[in-house]
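*Asks:* the following block contains a protein sequence and its predicted model.
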Amino acid sequence: MGILSKKDAALIKDPLFDNNPITIQVLGICSALAITAELKASIVMSLSVLFVLGVGNVVISLMRNIIPSKIRIIVQLIVVASLVIIVDLVLKAFAYELSKTLSVFVGLIITNCIIMGRFEAFALGNGPWKAFLDGIGNALGYGVILIIVGFFRELLGSGTLLGFKVLGDPIEKTGLYALGYENNGFMLLSPMALIVVGIIIWVQRSKNKALIEEA
Amino acid sequence: MEHIELFFKSIFIDNMVFATFLGMCSYLAISKKVSTSVGMGAAVIFVLTVTVPLNWLLDQYILQEGALAWLGPEFAEYDLSFLSFIMFIATIATMVQLVEIIVEKFSPALYNSLGIFLPLIAVNCAILGGSLFMQSREIPSFGLAVTYGVGSGIGWFLAILAIAAIREKIRYSAVPPALRGLGITFIITGLMAIGFMSFGGMLTGGDEGAKEKAPAVEAQVEKENKDEKSAEKIAENQNIKTY
């Protein structure tokens, strides 16, 4: 990390694993789970959040000294809502099919707790460059979980990755299907997203004992 | 009949938490104790009951394409629906502020126990999600919008009450250390969601008309189809405009 000092690098690296917004901070689960049935949707969702959180953190951080603390929530919501409208219009223009799959969940980025959480906890007290790094780091941490969940759900559920039939053709019985393998349609249903995230949390906390909660 | 159908549908079949994962953040954060979860659930019911019909009015008379026709024929062509996110969230934030003031005035005890969570309702995805689903599902009348708001609020209330009760009990069980707290809550919620999917059969057993109206939980594909339909409608509108 040549350009970044050690402290700055930590801002990006921490949220990826040990302080992950989804599995540790419990933020942003709302809009994360419903769209992970396909890998592509998860990637687009992560990119949207990356944009909104990166830009939003900088904007809030620049305005941090002029926002009256009593109405800061409304100010923050307006900033996020404007950014999300941009994302929504861009998606509708360039990736129409995907924006249909994501449906209301693009709008729900507004109330994604990661964004408000990072504004409150970081952008209001730090300069723009640090806030930008923090935003990018947290959005990446969010994206990592989304992509892991999307990867497993699409692979096990429909046997494809990004739409490519990586396991062979289920109708013509090629590849793995020739051995009698069947897709697990259960993985495509929404409850499985919760269970996959639960398992990710389990694995992560078994590896890093410091994260285990007190009973 | 319509009302009853929509009411039960929004509580059980399209349950906010189990079918669409809305309001998960506060659902996970506040469900450690039954008493606080009851307060939070009640607040969500109240805010949803107020905001969904309000936003329905906004949507019908300001935001939808042609909604401004009541101002005069020259306004009939405007389509402000791209503004709906910002309008909805502004309404919600204001309403939440109002609820906070009222609760503080009339029930300081409840205010103290909810603490910082009342402002968090503004950023509770369940509230905005309620309004956005109301818009995308094209709820036809004001009365039905009220029913939808109450129903989905009660659904959320039931969900948080159930998980809080389970979490209170599970404290005495031997959960693997790494799963303690958040992990096991996720997995239990997943199992409960699978249980709630069985309600999907509630409306599909009737006549053909009811069958068409009951998509959602069991088949995400069906949901996508529905979205496609409304999206096609938008596309058509856009085509008309460009010609």
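*Replies:* In hand now; what should we look at?
*Asks:* in the chain, where's the longest helix?
*Replies:* The chain I'm using is chain A. When chain A is parsed with DSSP state H, its longest helix is helix A:128-158.
*Asks:* my question was about chain B
*Replies:* helix B:142-170.
*Asks:* which strands or helices does it pack on?
*Replies:* When contacts are defined as 3 or more Cβ pairs under 8 Å, 6 or more residues apart in numbering or on different chains; DSSP states H and E, helix B:142-170 packs onto helix B:2-8, helix B:16-20, helix B:24-29, helix B:34-58, helix B:125-136, helix B:182-197. Yep, even glycine has a C-beta here, placed from its N, CA and C like the rest.
*Asks:* tell me how far the ends of stretch B:11-26 are from each other?
*Replies:* Separation of the first and last residues of stretch B:11-26 by Cα to Cα, to the nearest Å is 18 Å.
*Asks:* now the longest helix of chain A: buried residues?
*Replies:* A:130-158 (16 or more other Cβ atoms under 10 Å in any protein chain shown).
*Asks:* give me the low-pLDDT residue ranges for chain A?
*Replies:* A:1-4, A:31-32, A:213-215 (pLDDT under 70).
*Asks:* close to chain B, is the longest helix of chain A?
*Replies:* No: figure legend: helix A:128-158 not in contact with chain B (Cβ under 8 Å from any Cβ of the partner chain); closest approach 10.6 Å.
*Asks:* just checking, what packs against the helix or strand following that helix?
*Replies:* Per DSSP states H and E, helix A:128-158 leads on to helix A:191-207 as the next helix or strand towards the C-terminus. Under the contact definition 3+ Cβ pairs under 8 Å, 6+ apart, helix A:191-207 sits against helix A:128-158, helix B:182-197.
*Asks:* so how far is the longest one off the chain centroid?
*Replies:* Right, the one you point to is helix A:128-158. 4 Å (Cα atoms, centre = their mean, to the nearest Å).
*Asks:* tilt between that helix and helix A:191-207?
*Replies:* Angle, helix A:128-158 to helix A:191-207, by axes from the mean of the first three to the mean of the last three Cα atoms, to 10 degrees: 120 degrees.
*Asks:* just checking, residue A:26 touches residue B:30?
*Replies:* No: assessed by Cβ atoms under 8 Å, residue A:26 is found out of contact with residue B:30, at 10.9 Å.
*Asks:* show me what contacts the spatially most central residue of chain B?
*Replies:* Residue closest to the average C-alpha location in chain B (Cα atoms, centre = their mean): residue B:130, at 3.1 Å. Neighbouring residues of residue B:130 by Cβ atoms under 8 Å, 6 or more residues apart in numbering or on different chains: B:16, B:22, B:48, B:51-52, B:148-149, B:152-153.
*Asks:* what about chain B, any weak spots by pLDDT?
*Replies:* Ranges of chain B meeting pLDDT under 70: B:113-120, B:123, B:203-243.
*Asks:* so the closest residue in space to residue B:199 that isn't next to it in sequence, which of the three states?
*Replies:* Computed as Cβ to Cβ, 6 or more residues apart in numbering or on different chains, the closest residue to residue B:199 that is not its neighbour in sequence is residue B:12, at 4.0 Å. At residue B:12 the chain is in helix, as set by DSSP: H, G, I helix; E, B strand; the rest coil.
*Asks:* which ones are touching residue B:12?
*Replies:* B:155, B:196, B:199, B:202.
*Asks:* helix or strand: which one has residue A:67?
*Replies:* Counting by DSSP H and E, residue A:67 is found in no helix or strand.
*Asks:* do the same with residue A:78
*Replies:* Using DSSP H and E, the element containing residue A:78 is helix A:72-94.
*Asks:* buried residues in that helix?
*Replies:* For helix A:72-94, by 16+ other Cβ under 10 Å, it's A:72-77, A:79-85, A:87-88, A:91-92.
*Asks:* and chain B, is it touching that?
*Replies:* Yes: Helix A:72-94 comes into contact with chain B (Cβ under 8 Å from any Cβ), by way of A:73-74, A:77-78, A:81-82, A:84-85, A:88-89.
*Asks:* gap between the closest residue in space to residue B:42 that isn't next to it in sequence and chain A?
*Replies:* Residue nearest to residue B:42 in three dimensions, not counting chain neighbours: residue B:157, with 7.0 Å by Cβ to Cβ, 6+ apart. Distance check for residue B:157 against chain A: by Cβ to the nearest Cβ, to the nearest Å, it reads 17 Å.
*Asks:* about what we covered before: need the helices and strands packed on helix A:191-207 in JSON lines with distance to residue B:80, can you?
*Replies:* As requested, those are arranged in JSON lines below (distance: least, Cβ to Cβ, whole Å):
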{"stretch": "helix A:128-158", "distance to residue B:80": "30"}
{"stretch": "helix B:182-197", "distance to residue B:80": "36"}
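*Asks:* ok, which of these comes nearest residue B:93?
*Replies:* When those are compared by Cβ to Cβ, helix A:128-158 sits nearest residue B:93, at 21.8 Å.
*Asks:* now for that closest one, which elements pack on it?
*Replies:* Using 3+ Cβ pairs under 8 Å, 6+ apart: helix A:128-158 touches helix A:6-13, helix A:39-62, helix A:113-121, helix A:191-207.
*Asks:* just name the most buried of those.
*Replies:* Ranked by mean neighbour count, the helices and strands packed on helix A:128-158 are led by helix A:113-121 with a mean of 23 (mean count of other Cβ atoms under 10 Å in any protein chain shown).
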